[in-house]
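S.K.: no FASTA, just this:
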């Protein structure tokens, strides 16, 4: 399975094509839209999120509610297009150089982008580098989630910390945890932490500042043996790291205990193996992956989300023409988008895991894939 | 550029084929061997490292000291092969099931590997999953380093912490720093920290325990504009993350300030842009990559290395046949390999950066690639 | 550069996303539409071609008439969608099993497709397997052509034979040839052959039969050194073969003299090398590619196009439910589409050559790519 | 599954690494060597073939006669290395520019290669472009054949014509045909054609000329549904075309009736479908592939092999330094290698089909892959 996406933040819309998805998977469009909606929410978002209320249009690959093996194409219209259609026109006649963006924002693709691609107008970079692109990645993942559902695989995210506030809850398997977290405006379990965080966000808003945080993602019921140890580029943790680190604001990634493993002696960090009704580990510091393969435990990773780089209290930069010192522009006014980043990560992870499932179980239809999976799970039970 | 590697830890040897490397690059075999030698050193290594003293044999792709465009094949013989040739034979007649390994080590590929690949002998997994494989990755990177040298790109690693000991040195550009670090048995700059760490290692050895640590890698003189913001799978930080996270013991990865960005307000973490003789950033919290592209600053990342999972004080596991509780085997007796992990990371990073250079500057010979690079750098200067 | 396409023949429309295209290339939408229009023409086409009159809508990646480095997304609406929107709906409520197609057409994807993808309705296969998909490939190639134009590379096709009629013209470099061929309804140079072919087509139409033919494609001004001899999967002829053979009706492919080389002694078939103002070959039996690399001569290949498998005089097949013998359905009434196949091949070839150019010359903007190209061409002159 | 190969014609040896091959496949080294030996035979070969008598050494990936999931590395030593070790040394001290090759041979990679890779010595190109490289491709395919054997898939080649002589035999399924062909020195079934061909080869030898021919490959027992119609780059015929066209001397490729389909009306060329104990086609003009997918019939293709471009009666060329007209060098003295090309094609085809099998049936061990295959075949029977 592979996909390509396209679309600029203020362009007509966003599009993705997913190729290599099994046939006969039931696709519920409402569930995709629900993921898009979750991506737009969260305490600390600005007004633009309300304008959008994204919804996909199925362009190809789904018929009568099911995939048919053909590439799946999904489209999300940009609601604000009418206001942008001249400034983002594909036609040269609307080109007004006066409207070019000249101030590269620190922490963004702006400066390296205009140099790399030889552009005079920073808008030609920022439109694509924008986190708006995660809409398509969420849509792709939302489709993958519906494949994973067939195998009982579920993916959840929570905010483990936001700015200086930590939610120290230890999350165990169990729907009640996740229901509560989904209901939180900050994807936090602990109401005390949530309350403190809201106060912090309000304060940051007043100060024109922004906040980052740490997201934790848990993936349940992944069969043992996805990924591989045999070649470096087939390791499941490496693939998760790549796709998560490619998310706009992410600056750090940890599998399981992550950086804590670096400071803990070996005798206290490795997960001892026991056998009861099957193989289990006493702990899960590995985060469900050993030797680049899923080991049957819950897959768990954390990612560091940096503060939004577009501040109302603008950072210093320089004009790319005059080289004069100026304020960075402030195109957006969210204080923090950490819970949203969690939603995107769930869906990115869904794509990675679905891909590993397809690679391992093959199959062109969901019926064939499921039969191969069942056959393997029966074998696993007997090991 | 792409490569494949092969080889088992106690097999005949290790091999790699590198395809897509430019022609006419001078390859100094001694420099490759120097990297392999650095990989085997470090305070806290066990005896096996001494047996090996790896050296490559050029099998193809280099003639009269230069690459010729053909795939480069490098081979490293396993010095210990004579002792293993029956137990690792490719021929069935030497098969003695009695010698099979039955105890999967916690923290290793052993258990998921035997299930995934339907094996009865854990040796069929551990031989390939072994960190011995990093020999070939180091060799590949050492070749890449020689390409990067033409462009003045240099890569260094240091141990930022080992177990509970931190070396808080702030590393600035400058050869003197790195010379001192290279001379340290623990890749540390601060002699005090080094001394404490050695004591910690000695103590851990006595206790039969192992240690992990944090490595920091710095890449100097990378031109602005490697990688791309346009599609998620072309981001330079994502690629670094993937390849570093695929290293056996790595459980965490950070670009620049990494997890610290999650707890710092936006106004204090983003790197403001200034123009003097060119574009610069006041700070480098981004670690030299913005929007998935190199931004002209030093590329810096950190990685968490978990403690070696094979302990002299063995962890608990179960026999895969009887399911009885037993001790995990103890095939190796290093206490810690963090400095060596740093050497491997340098070379992995060299491969990633060299690949991005080839992608951006094209060229089939180093002369052509250099001319394209010079042309671009002249343009960058004028921006 | 890579692309994905989606879309069913009677779905909403067809879409493609092109990733990795250099920035600042001027894109003339009319020229893309002109290629789409040429693809729909030719003596012997049925009525559906008139309904369509395809035109692209730019969805992303082009701003003010130029590419900006972002993925390019193009969309072609299906004009007939209104009549099909229930039968091709993505929603399950419109599913009417009575309307399923049950007769697999010989020579089509129908039978292997329904088995592979576990489908009950052949429409779920034929919609994507349809030659309608070549619309997007033509659009992708038409974009690539506009890149190639910057380097003076031009691509033309002609019909060398159609059914039993041959056009034995030897095509030499020269615009006048190609202008005349473009004006022919059958892409033929020889008016006599064209006349005979029209008569043959008319007769076949009466008989309810279909016709195939042979297309020849010529690519001018390709620089020496695209592709590579070093690894099998980097050979330029192999890539052309793959992409041309992936065109729906193509059953044969020849580089240069092709199958004739098999029956001609070596002394009469290899192209002797001379030097005048540069290297040249006395003949071009190799078709411009030696050792998997362009050699500076015109690249020439031929492809065999089989007759359209949907006949008005239907072939025998079986019902996939009852297994009873029935007539294959007759969804389309073209007698022959060989000239159109030539148009598609031109554009497929444009994609392959543009990709090889990007790989060799790198560059993120057309200015950079052109500078690298000029540098190389100067070097070539001096060899 | 993927592989890389390396090695120069007169270098130390040839190497390949195969990654992604299922575990627990029994590998018979003798069978691999048998394929290598077949590649070296055939009436019309020169003396070098006798020097070589290739045999593989297993370097990695096989233990006790079976694959273990790790990358498989195979090595073939060049028997003549002792005589070449200075001229092909990787060390600069042995460089003697006087020994450089300066005459590019028509029909070879020589001229485009030295320009592309900026070389002064044509040997740096011809060593890798040599057909000697097909040794590794044969070895890779020979491994793939042993995977295919588990599924009853068999691959055979014959020489359909050589120079002006045709063997018009129609090959039907049946071992007796292929045994006879394997015993022929020219891979021909018809003794009369064989006799005529030998005379032609003898005459060509006397004249210092070379000969090409047409090879036909048949692949039996391929399950319906390999490849896919959904995206152009997943079509099985396109993949076969690519890999076969990448073989050094191949200039043309046909699936099934190939170019004949271009001149035959639709009513006479498409393979009508019948149902007896399963779906069948009355004829097999499609060559076993419809819509880019195997359709259950025998897969059949033909390829045109051009005459060997190195003639004893040398062709004209120019010295790359002086630009003076000279004779092309004559490094090799085979008259024809068409039967050998057939052996290589069998093995190339084995790789393509094995890869398609792995993609469709997934599975990490042969037991899992076989179970998935059996499950699918049972389903196919019930369709």
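M.R.: Arrived safely, thanks for sending. As the structure is a computational prediction, the values presented were derived from the model and not from experiment.
S.K.: my guess is residue A:68 contacts residue C:122. True?
M.R.: No - between residue A:68 and residue C:122 there is no contact, the gap being 11.1 Å when judged by CB atoms under 8 Å. Backbone N, C-alpha and C define where each C-beta goes, glycine included.
S.K.: look at these two and report which has more neighbours.
M.R.: Applying other CB atoms under 10 Å in any protein chain shown to residue A:68 and residue C:122 shows that residue A:68 carries more neighbours, namely 26 against 23.
S.K.: after the helix or strand of chain A with the lowest mean pLDDT, next one along is what?
M.R.: Here the helix or strand of chain A ranked lowest by mean pLDDT, DSSP states H and E is helix A:48-52, holding a mean of 57. Once the chain leaves helix A:48-52, the next helix or strand it forms, by DSSP states H and E, is strand A:56-60.
S.K.: look up how far chain C lies from the residue in the stretch 101-250 of chain A that chain B sits nearest to.
M.R.: The stretch 101-250 of chain A approaches chain B most closely through residue A:109 (2.1 Å), counting by CB to the nearest CB. Distance, residue A:109 to chain C, by CB to the nearest CB, to the nearest Å: 11 Å.
S.K.: my guess is that residue contacts residue B:229, does it?
M.R.: Yes - Residue A:109 is within contact range of residue B:229, at 4.0 Å (criterion: CB under 8 Å).
S.K.: and the residue of the stretch 101-250 of chain A closest to chain B, what does it touch?
M.R.: Shown in contact with residue A:109 (CB atoms under 8 Å, 6 or more residues apart in numbering or on different chains): A:125, A:126, A:129, B:229, B:290, B:291, B:292, B:293.
S.K.: who does the fifth one bridge with?
M.R.: Partner residues in beta bridges with residue B:290, using DSSP bridges, are residue B:293.
S.K.: ok, now how distant is it from residue D:231?
M.R.: According to CB to CB, to the nearest Å, residue B:290 stands 34 Å off from residue D:231.
S.K.: also the first one?
M.R.: Counting by CB to CB, the gap from residue A:125 to residue D:231 is 30 Å.
S.K.: these two: which has the busier surroundings?
M.R.: Using other CB under 10 Å as the criterion, residue A:125 and residue D:231 rank with residue A:125 on top: 30 against 21.
S.K.: could you find the closest non-adjacent residue to that one?
M.R.: Spatial nearest neighbour of residue A:125, excluding adjacent residues (CB to CB, 6 or more residues apart in numbering or on different chains): residue A:113 at 3.2 Å.
S.K.: show me the contacts for the closest residue to residue A:236 other than its chain neighbours.
M.R.: Nearest non-adjacent residue to residue A:236, counting by CB to CB, 6+ apart: residue A:227, 2.8 Å away. Residue A:227 makes contact with A:234, A:235, A:236, A:237, A:239, A:289, A:292, A:293, A:294, A:356 under the criterion CB under 8 Å, 6+ apart.
S.K.: make TSV out of those residues and add neighbour count and pLDDT.
M.R.: Listed next are these as TSV, based on neighbours: other CB atoms under 10 Å in any protein chain shown; pLDDT from 0 to 100:
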residue	neighbour count	pLDDT
A:234	18	98
A:235	25	98
A:236	30	98
A:237	28	98
A:239	23	98
A:289	27	98
A:292	26	98
A:293	29	98
A:294	24	98
A:356	23	98
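S.K.: just give me the closest of those to chain D.
M.R.: The closest of the contacts of residue A:227 to chain D turns out to be residue A:234 (CB to the nearest CB; 8.0 Å).
S.K.: go ahead and confirm that closest one touches residue A:293.
M.R.: No - in this structure, residue A:234 is not within contact of residue A:293 by CB under 8 Å, at 9.3 Å.
S.K.: now for those two: what residues contact both?
M.R.: Residues touching both residue A:234 and residue A:293 (CB under 8 Å, 6+ apart) are A:227, A:228.
S.K.: contacts (any at all) between chain B and the helix or strand hosting residue A:214?
M.R.: Assigned by DSSP H and E, residue A:214 belongs to strand A:213-220. Yes - on the criterion CB under 8 Å from any CB of the partner chain, strand A:213-220 is in touch with chain B at A:213, A:214.
S.K.: please name the residues that touch residue A:319.
M.R.: Counting by CB under 8 Å, 6+ apart, residue A:319 touches A:102, A:103, A:326.
S.K.: my bad, residue A:11
M.R.: Residue A:11 makes contacts with A:78, A:81, A:84, A:88, A:127, C:59, C:60, as judged by CB under 8 Å, 6+ apart.
S.K.: quick one on the thing from earlier: give me the pLDDT for the residue nearest to residue A:125.
M.R.: According to the prediction, residue A:113 has pLDDT 98.
S.K.: ok, which residues in the stretch 51-200 of chain A are in contact with chain D?
M.R.: Within the stretch 51-200 of chain A, the residues that sit near chain D (CB under 8 Å from any CB) are A:69, A:70, A:71.
S.K.: which among the residues you listed count as buried?
M.R.: The neighbour-count test (16 or more other CB atoms under 10 Å in any protein chain shown) marks A:69, A:70, A:71 as buried among those.
S.K.: can you list these in TSV and add pLDDT, distance to chain C and secondary structure?
M.R.: Putting these into TSV (pLDDT from 0 to 100; distance: CB to the nearest CB, whole Å; DSSP: H, G, I helix; E, B strand; the rest coil) gives the following:
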residue	pLDDT	distance to chain C	secondary structure
A:69	98	4	coil
A:70	98	4	coil
A:71	98	4	coil
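S.K.: how about TSV for those residues, with distance to residue D:351 added?
M.R.: Output for those, formatted as TSV (distance: CB to CB, whole Å):
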residue	distance to residue D:351
A:69	25
A:70	27
A:71	26
